[in-house]
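Peer 1: Need a 3D model of the following:
(2 chains)
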Amino acid sequence: MGAPRSYQTHAVIIKEARIGEVDKILTIYTPELGKLKAVAKGAYRPGSKLGGNVEPLTYSLLMLARGRNLDIVTQSQTIDAFPVLKNDLWRMACGLYILELVDVFTMERNENRRLFSLLLNALTWLCQSDNSEIVLRYFELHLLDYLGYRPQLHRCVICNSSIRPVVNFFGFGQGGILCSNCGQEDPAAHPISVQALKVLRLWQRCDYATARRVVLKSELALELEQVMRGYIRYLLQREVKSIAWLEELKKKLAVDNGWKRN
Amino acid sequence: MVATAEPVTRLVESLSRLPGIGPKSAQRLAYYLLRSPVEEARALAEAILALREKMKLCSVCFNITDCDPCLICQDRERDHSKICVVERPSDIPPLEQTGKYNGVYHVLHGTISPAQGIGSDELKVKELLLRLQDGLVTEVILATNPNLEGEATAMYLRQMIQSLGIHISRLARGLPFGADLEYADNITLRQAIEGRQEF
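Peer 2: Okay, here's the model as predicted:
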């Protein structure tokens, strides 16, 4: 006999798609199996036992039965529904961005426990934090690290010379910092200020408790965002879709002071 | 294998493109239509054509309709100071069946869905805000679905409408009829407790 027919797992629901009238295909992220697709039968029916336990942006305990093709969710219980994220437009948008990053960067059934805890932590930090920029950048940096795309930030990735405190460059294709000489020769390289490089170096090696103490001025926050987005865009060879929504919300914020953004 | 006559295969192919209809069901429908009186087949064909030719979107509420403005928007008996905002045209009939609502509607034609790149520009949001400009509307009822995307859409609309000084309400959430407390999820139960009513 093979593996048992059903198993239990913790999971963060990262995506849903409707199939047929009332069924959902979920994309979930689990500690043991990494990303996984599973069917939640009847989840759209009013009064479904699965219902809100299998909405995206929810951390649940799931019981799954092995199916021929996709596994089937048979029982579910919410552990954390992140109500703070779901009641705040900006935080929800950040949460969805985090979920999309995990979805696009991971392969199915590829265990990565560090990434699972990072995902769970990032969603929790997002609920607590007043500075979502730090949560997002810290998450991006460590996500890439755990997936093997850790950027080299200490020596020039071309000539291996040490980095001087001047404007240097971030080489997306090279996966790290280029010194001011090498960077000028590569038109695709993105300039990076001394401050931004310092922050990235710190975030790369410290825990979140330390990372969140960094005070980010808006120009520096914008620069870090551009660098990380550029690197992610290069790795994916396309734009992350939920960025458009983040940008739309930001624009609305600039027009209308009634908008709250943390 | 003996080939089936061309008209039959053509119909089977078209039918099997419909959602939920596989090749076998399509074949059964095709043979049924072959046996049924010709008037029945003609009526079906004409109904399908009429659907595509006559249906359009109401220029006021964007519901699907065969006359513009639609019957609901034309109706003077209805309360035009209330607008109920729904995701899809198919959300209107169930609300109408309750017989509890006498206002008018606005169909967004979707929800905000960041992961699919759908923002407010892809929805009929601008059109809604335009309808609210004339000052005749006193209440907007947000009837998007109580899921993540529906919530995002409702919160976004609230932000956009808030400054206009219009009363905004949201359909109540909580336990559906026939549900079981034991299996209710945390968020639903929380809302059911918060939104409990005098009995």
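
Peer 1: got a pLDDT number for the residue of chain A found nearest chain B?
Peer 2: Taking Cβ to the nearest Cβ, chain B has its nearest neighbour within chain A at residue A:52, 3.2 Å off. Placement of C-beta: from N, CA and C, glycine included. Here, the pLDDT recorded for residue A:52 equals 79.

Peer 1: for the residue nearest to the spatial centre of chain A, what are its contacts?
Peer 2: Centroid check for chain A by Cα atoms, centre = their mean gives residue A:98 as the closest residue, at 3.0 Å. Applying Cβ atoms under 8 Å, 6 or more residues apart in numbering or on different chains, we find residue A:98 in contact with A:119, A:122, A:123, A:126, A:136, A:139.

Peer 1: rewinding a little: surely the residue of chain A closest to chain B meets residue A:82?
Peer 2: No: contact between residue A:52 and residue A:82 fails when scored by Cβ atoms under 8 Å: they sit 11.9 Å apart.

Peer 1: so what sits against both of the two?
Peer 2: With contacts defined as Cβ under 8 Å, 6+ apart, the residues shared by residue A:52 and residue A:82 are residue A:58.

Peer 1: So which of these two has more stuff around it?
Peer 2: When neighbours are counted by other Cβ atoms under 10 Å in any protein chain shown, residue A:52 comes out ahead of the other of residue A:52 and residue A:82, with 24 against 20.

Peer 1: and the helix or strand hosting the residue nearest to the centre of chain A, how far out from the chain's middle?
Peer 2: Secondary structure from DSSP states H and E places residue A:98 in helix A:89-105. Helix A:89-105 has its C-alpha centroid displaced from the chain centroid by 6 Å (Cα atoms, centre = their mean, to the nearest Å).

Peer 1: Show me what counts as buried in that helix.
Peer 2: A:89-103, A:105 (16 or more other Cβ atoms under 10 Å in any protein chain shown).

Peer 1: between the helix or strand harbouring residue A:247 and helix A:89-105, how big is the angle?
Peer 2: Assigned by DSSP H and E, residue A:247 belongs to helix A:242-255. Counting by axes from the mean of the first three to the mean of the last three Cα atoms, to 10 degrees, helix A:242-255 lies at 160 degrees to helix A:89-105.

Peer 1: Please work out which residues outside helix A:242-255 touch it.
Peer 2: So helix A:242-255 is contacted by A:89-90, A:93-94, A:96-97, A:100, A:229, A:259, A:261, B:112, B:114-115, B:117, B:119-121, B:159 (Cβ under 8 Å, 6+ apart).

Peer 1: Report the mean per-residue pLDDT for it.
Peer 2: 84.

Peer 1: likewise stretch B:144-154?
Peer 2: Averaged across stretch B:144-154, pLDDT comes to 93.

Peer 1: same deal with stretch A:15-25?
Peer 2: On average, stretch A:15-25 scores 89.

Peer 1: what comes up buried for that stretch?
Peer 2: For stretch A:15-25, by 16+ other Cβ under 10 Å, it's A:15, A:16, A:23, A:24.

Peer 1: CA atoms only for that stretch, dumped as CSV, please.
Peer 2: Taking Å, rounded to 0.1, in the frame of the first residue of the first chain, the C-alpha atoms of stretch A:15-25 are listed here in CSV:
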residue,chain,number,x,y,z
LYS,A,15,-5.1,31.9,-4.7
GLU,A,16,-8.6,30.7,-5.7
ALA,A,17,-10.2,29.9,-9.0
ARG,A,18,-13.8,29.0,-9.6
ILE,A,19,-14.6,25.7,-11.4
GLY,A,20,-18.1,24.9,-12.3
GLU,A,21,-20.9,26.4,-10.3
VAL,A,22,-19.8,26.0,-6.7
ASP,A,23,-16.3,24.4,-6.6
LYS,A,24,-12.9,26.2,-6.1
ILE,A,25,-9.4,25.2,-7.0
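
Peer 1: Alright, that wraps it up for me.
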